[in-house]
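Asks: build me a model from this:
(2 chains)
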Amino acid sequence: MTLAHSRKRLSAIGLCITLSTGPARTALAQGVPTAPTASPAVAALPRLPDGHPDLQGLWLKSAGGFQGLFIGSLDGTNFAAGGGARGPAPPRYEYTPEAEAEWRDRQRRNYEDPEARCHLPGVPRALDQPAGLYPVQIIQDEKSVALLHEAMHDVRIIPTDDSPHPRKYWAWDGDSRGRWEGDTLVVDVANFNGRTWLDMQGNFVDENEHVLERFTLVDRDTILYEATVTDPTVFVKPVEMRFTLKRVPAEQQILEYSCLEGERSLQHYTEEDGGKKQRVR
Amino acid sequence: MSKSRVSRLAVCVLLVGAVAGTESFVGAQESATAFSPSRLWDGKTPDFRGIWRAQGTAYVNVEGHKGERGIAASTSIVVDPPDGKIPYKPEALAKRDENYRARATADPSLKCYQAGVPRATYLATPLQILQSPGNFAIVYEENHAFRVFHPNTRPHFDAADWWMGDTRYHWDGDTLVADVAALTDQLWFDRAGNFHSTAVHIVERYRMTGADTIEYEARIDDAEVYSKPWTLRMELRRVKDRGARIIEDECLEDENGVRHHVSPYDRKNLLKSDYSRWKTAAPE
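Replies: So this is what the prediction gives:
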């Protein structure tokens, strides 16, 4: 990544932060890496009357980006970079040979990332947004856990009755069914339509994607999020993701995310980027 | 050559506009024989949870319309003024009529945009109220729009104009009263071109009139467009179908870049490839 490149991204991201964080939220401060807390005081966890941990609140991914994104400072630090002391290791994608070729091709035409067209990000990308940028509001009762994501105003209302997936239903976000295993919310996600990418670097899944997510409240201000992505037609081994969500201070709020309504991106693609033919008329 | 990636800009909209008024309208009626809703687990908050759908076809025209093309006729849901007409100023009425003539292409909802307030409430598609003590949110099926209702203990965040507004609520007895401001002027109330400006200020009242009915009322004030505030009122009914859920509603571009709603049950069109070249045979 060239410095000029970084600066260009920086200005774009800076604008996003300004617009998406509201009067008080300091997004980058939320991006400061925090290791998952090791020894939770389980007894002190907030709980609903049904005894399950209370996941409610406004949460923000605390560290780690997704590949291809720069969230940085003028000295070139990329807070969105995975690995090292800055955050969780980036996931490893082990593709089948055909899928590997497809991934390399998508890297070349990453302007086709569906999220750049304001489409729903899918799972786990809904949670795996760049650290510190877009929070998720969780509202929970005895029957469901609802995830209201600022990014793409993506919504998942997850029943926690371990009910079966529907038949003949194919969605960007798939179909989510949850159950409690001890203090962990386990969500099985299937019924994908295969259109989503996992990040901005062409990593992808198809309609055979299956995700197992685990949400664990490790202390009252930290959720450990783990996702295992399997897709037998794309990956030879499951893709594992693991990062933390930190509670956003109560004086801050989720904001609206208008994407389609104010699309200003595709017009900036140039012929050199290969994007001219993709420009929306 | 660096590839300039500015796609993140796509997510950012800033429509700076006038700051909406903040004075609060306090609705009048609270029937003596009011229905007493069940309560959340705190024992006091009225329980509005569930999937609800508006009755009628006011989404075509809030002032009422004749039946056409398989859509039933509707009387006006404007209850104040009593004539059922929005009290437009003359120049605003001219603009509404112009919108009406251009409605086949100019309605913002044709572009799969979020519907705004109150329009999202009386669409043909359902909504789901999510609630817990201290939390209230509405998820609208159409275009997966949602609103998180914030308590009115803090003022509106109206530094920008939003498609779904900024909502502050309080309880007036068992009625949820929501004050909505900071709406963009790009929104229509219906398919007939009825509209407001960025100065619009809306007070919504949600009141359960039975276990399966909510009376919805919106008082709409916009001194730039109307000669006086006006009120619409309609009923939401609980969707009681077994296993009913809000389904995903996302639009897809066709070859001309025009977006269309494609149902998650419509496998043929979902798997039709517009830019993804990856083909697999999915199990049925």
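
Asks: low-confidence ranges, the stretch 101-250 of chain A, go.
Replies: Residues of the stretch 101-250 of chain A meeting the criterion pLDDT under 70: none.

Asks: for it, which residue gets nearest to chain B?
Replies: Among all residues of the stretch 101-250 of chain A, residue A:116 sits closest to chain B, at 3.6 Å; criterion: Cβ to the nearest Cβ. From N, CA and C alone the C-beta is placed, and that goes for glycine too.

Asks: and that residue, how far from residue B:87?
Replies: 43 Å (Cβ to Cβ, to the nearest Å).

Asks: give me the more crowded residue out of these two.
Replies: The neighbour comparison of residue A:116 against residue B:87 (other Cβ atoms under 10 Å in any protein chain shown) goes to residue A:116, with 25 against 16.

Asks: hey, where'd the strands end up in the stretch 151-281 of chain A?
Replies: A:155-159, A:175-181, A:184-190, A:210-219, A:222-230, A:239-247 (DSSP state E, counting those that start in this stretch).

Asks: show me the one of those that comes nearest residue B:167.
Replies: Comparing the strands of the stretch 151-281 of chain A against residue B:167 with Cβ to Cβ, the closest turns out to be strand A:155-159 (16.3 Å).

Asks: what are the buried residues along that closest one?
Replies: Buried residues in strand A:155-159, counted by 16 or more other Cβ atoms under 10 Å in any protein chain shown: A:155-159.

Asks: residue A:254: which of those is nearest?
Replies: Distances from residue A:254 to the buried residues of strand A:155-159, taken by Cβ to Cβ, are shortest for residue A:155, at 11.9 Å.

Asks: surely that closest one meets residue A:145?
Replies: No. Contact between residue A:155 and residue A:145 fails when scored by Cβ atoms under 8 Å: they sit 11.9 Å apart.

Asks: pick out the residue of the stretch 151-281 of chain A closest to chain B.
Replies: As assessed by Cβ to the nearest Cβ, chain B sits closest to residue A:262 within the stretch 151-281 of chain A, at 3.1 Å.

Asks: run a quick neighbour tally on that residue.
Replies: Around residue A:262 there are 20 residues (other Cβ under 10 Å).

Asks: just residue B:137 next, same as before
Replies: Residue B:137 - counted by other Cβ under 10 Å - has 21 other residues nearby.

Asks: in three-state terms, label it for me.
Replies: Put simply, residue B:137 is strand when judged by DSSP: H, G, I helix; E, B strand; the rest coil.

Asks: was I right to think it contacts residue B:150?
Replies: No. Here residue B:137 does not reach residue B:150: they are 9.9 Å apart, not a contact under Cβ under 8 Å.

Asks: can you give me the neighbour number for residue 132?
Replies: In the absence of a named chain, chain A is used. Residue A:132 has 26 nearby residues by other Cβ under 10 Å.

Asks: wait, chain B was what I had in mind.
Replies: Residues contacting residue B:132 under the criterion other Cβ under 10 Å number 21.

Asks: with residue B:81 instead?
Replies: Using other Cβ under 10 Å, residue B:81 has 14 other residues around it.

Asks: pick out the residue nearest the middle of chain B.
Replies: Chain B has residue B:120 as the residue nearest its centroid, 1.9 Å off, counting by Cα atoms, centre = their mean.

Asks: on the three-state scheme, that residue is what?
Replies: At residue B:120, secondary structure determined by three-state DSSP is helix.

Asks: ranges for the strands of the stretch 1-150 of chain A?
Replies: So, for the stretch 1-150 of chain A - with DSSP E, counting those that start in this stretch - the strands run A:57-61, A:136-140, A:144-149.

Asks: just put those in a markdown table and tack on mean neighbour count.
Replies: Shown next, in a markdown table, are those (neighbours: other Cβ atoms under 10 Å in any protein chain shown):
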| stretch | mean neighbour count |
| --- | --- |
| strand A:57-61 | 23 |
| strand A:136-140 | 23 |
| strand A:144-149 | 22 |
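
Asks: tabulate those strands in a markdown table, adding columns for distance to chain B.
Replies: Supplementary listing: the strands of the stretch 1-150 of chain A in a markdown table, determined by distance: least, Cβ to the nearest Cβ, whole Å:
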| stretch | distance to chain B |
| --- | --- |
| strand A:57-61 | 9 |
| strand A:136-140 | 5 |
| strand A:144-149 | 5 |
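
Asks: contact partners for residue B:145?
Replies: A:153, B:114-115, B:120, B:139, B:163-164 (Cβ atoms under 8 Å, 6 or more residues apart in numbering or on different chains).

Asks: can you rerun that using 6 Å?
Replies: For residue B:145, the contact set (Cβ atoms under 6 Å, 6 or more residues apart in numbering or on different chains) comprises B:114, B:120, B:164.

Asks: number of residues surrounding the closest residue in space to it that isn't next to it in sequence?
Replies: Closest residue to residue B:145 apart from its sequence neighbours, by Cβ to Cβ, 6 or more residues apart in numbering or on different chains: residue B:114 at 4.1 Å. Residues near residue B:114, counting by other Cβ under 10 Å, number 28.

Asks: before we move on, back to that, so what's the residue of the stretch 151-281 of chain A closest to chain B scoring on pLDDT?
Replies: What the model reports as pLDDT for residue A:262 is 77.

Asks: and for residue B:268?
Replies: Taking residue B:268 on its own, its pLDDT is 79.

Asks: so it: helix, strand or coil?
Replies: Note that with three-state DSSP, the state of residue B:268 is helix.

Asks: tell me how far it lies from residue A:193.
Replies: Applying Cβ to Cβ to residue B:268 and residue A:193 gives a distance of 12 Å.

Asks: and residue B:253, by the same measure?
Replies: From residue B:253 to residue A:193 the distance is 15 Å (Cβ to Cβ).

Asks: okay, these two: which has more neighbours?
Replies: Comparing residue B:253 with residue A:193 by other Cβ under 10 Å, the one with more neighbours is residue A:193, at 26 against 15.

Asks: in space, what's closest to the more buried one - neighbours in sequence excluded?
Replies: residue A:170 (4.0 Å).

Asks: just residue A:129 next, same as before
Replies: In space, residue A:129 comes closest to residue A:151 once its chain neighbours are excluded; the distance is 5.1 Å by Cβ to Cβ, 6+ apart.
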